[in-house]
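Undergrad: Give me the fold of what follows.
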Amino acid sequence: LCDGSDYHKRNANKMTTTGLYNLFQPATEGMEGIDPHTKLPFIDKFGNADGEAIKRFLMAKREDHRSAGKMADYIEECRQYPLEYNDCWKTSARQCIFNMIKIEDRLDYFRSGGGKKERGNFEWISGPDSKVRWVPSDNGRWFLSYKFPDPRFANRMTIDENGIRWPSNKSKFIAGGDPYKFSKTKRKGSNGAGAVFYKYDMSVDGGKPTSENWESNRFVCTYSNRPNTIEDYGEDMIMMCVYFGCEMLPEINVDFLYKYFTERGYGGYLYFKFDEIKRKYAQLPGIYTHVKESQQIFSVIQSHIEHHVHREEHDELINEWKELVDELTDFDLAVASGLALIGASDGISNYDEEGEAKTDIRDYFSVYVYPE
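TA: Numbers count the residues shown, from 1 in each chain. Have a look, this model is predicted:
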């Protein structure tokens, strides 16, 4: 209701979508009480509020909660006594298992107009199995926050003698996918989801003293949609992976996605986890999301939020993270992101089936394309 009542966003009839306007009054305009420093009331006998004294008092309370690590109390304080419009929309942290202060700090960045993502679609340039291009669109199915500095690095692949396609940017990107189910769900109709993670890139961020200015180690593409057919979803995931040249780690409770990739000749784009104990690859690509695997998803998301959420450019993903409590049902995009994080942190690439060590030199050097 409030999103549709912004005075500065009116249609040709000079009206907001709702026909209403928002009015926000911060706590500094009328909070009652006594200033502990001056012992004077915050509001004088004429009804005038001492805004500076009120703000100083409230900021001190907030800082006490933050420094003590009391995230739930900090969020509640902001909501009950808002100083800015953004404070009204902070979600209660009583049930959240993640660092809600860091989540809300980053969401404030978006609420204040920040963000570098673009909405649009991936599409085959000249029919299926050709190259994929990005097309901006106001009602697109994807959000994208990374474009290749050199377009020639997109769509990188090899095709073997059996006609199977293999991605060539897998040392830099990895995708997670959560196919939608046809069963009823608690919160909403389940969507098919996908997320692409840009792994830590030494060639871009190596040598930087802190992660504050890293360009890598973040999500660069998200998808949450329920197309007309599940085959359309599968095709969308193939186009996404082809564009980034990355592998896909699918959720296989629903086995559609990995089967579709294989049938379409993109089996080389599927990610097989490596068992460090058995020293061999899994028989199926992707992972199930049963209790054990769900805990791993929660764990990798929690770690990523703690260390890297301050650089994320996808608020739709962060908003889904903050709603997670104790189960993954209906949180399709969060599941896809967790799968991508698991793949990004998996140490499988250093071993083969027999356990012999092997190294891909491309993991240590940037690939440059020289003009002809």
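Undergrad: Can you dump the C-alpha atoms of the helix or strand containing residue 223 in CSV for me?
TA: Assigned by DSSP states H and E, residue 223 belongs to strand 218-225. Taking C-alpha atoms only, strand 218-225 is exported to CSV below (Å, rounded to 0.1, in the frame of the first residue of the first chain):
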residue,chain,number,x,y,z
ARG,A,218,28.6,-12.4,-4.6
PHE,A,219,25.5,-13.3,-6.5
VAL,A,220,25.2,-11.8,-10.0
CYS,A,221,22.0,-13.2,-11.4
THR,A,222,18.7,-14.4,-9.9
TYR,A,223,15.5,-16.0,-11.3
SER,A,224,12.2,-16.8,-9.6
ASN,A,225,9.4,-17.5,-12.0
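Undergrad: From the contact counts, what lies against the following helix or strand past that strand?
TA: The C-terminal neighbour of strand 218-225 among helices and strands, as given by DSSP H and E, is helix 230-244. Packed against helix 230-244, as judged by 3 or more CB pairs under 8 Å, 6 or more residues apart in numbering; DSSP states H and E, are the following elements: strand 118-124, strand 132-136, strand 165-167, strand 173-178, strand 192-198, strand 218-225, strand 247-250, helix 256-263. For every residue, glycine as well, the C-beta is placed using N, CA and C.
Undergrad: returning to what we had before: which neighbouring elements make contact with the strand holding residue 223?
TA: Using 3+ CB pairs under 8 Å, 6+ apart as the contact definition, the elements that strand 218-225 packs against are strand 142-144, strand 192-198, helix 230-244, helix 315-323, helix 332-345.
Undergrad: any idea of the mean pLDDT for the second one?
TA: Think strand 192-198. For strand 192-198, mean pLDDT is 97.
Undergrad: for the last one, same thing?
TA: Averaging pLDDT along helix 332-345 gives 94.
Undergrad: Give me the buried positions along it.
TA: Neighbour-count burial for helix 332-345, counted by 16 or more other CB atoms under 10 Å, picks out 332-344.
Undergrad: Likewise for the longest one?
TA: Neighbour-count burial for helix 230-244, counted by 16+ other CB under 10 Å, picks out 230, 233-244.
Undergrad: any idea how far residue 280 lies from residue 343?
TA: According to CB to CB, to the nearest Å, residue 280 stands 17 Å off from residue 343.
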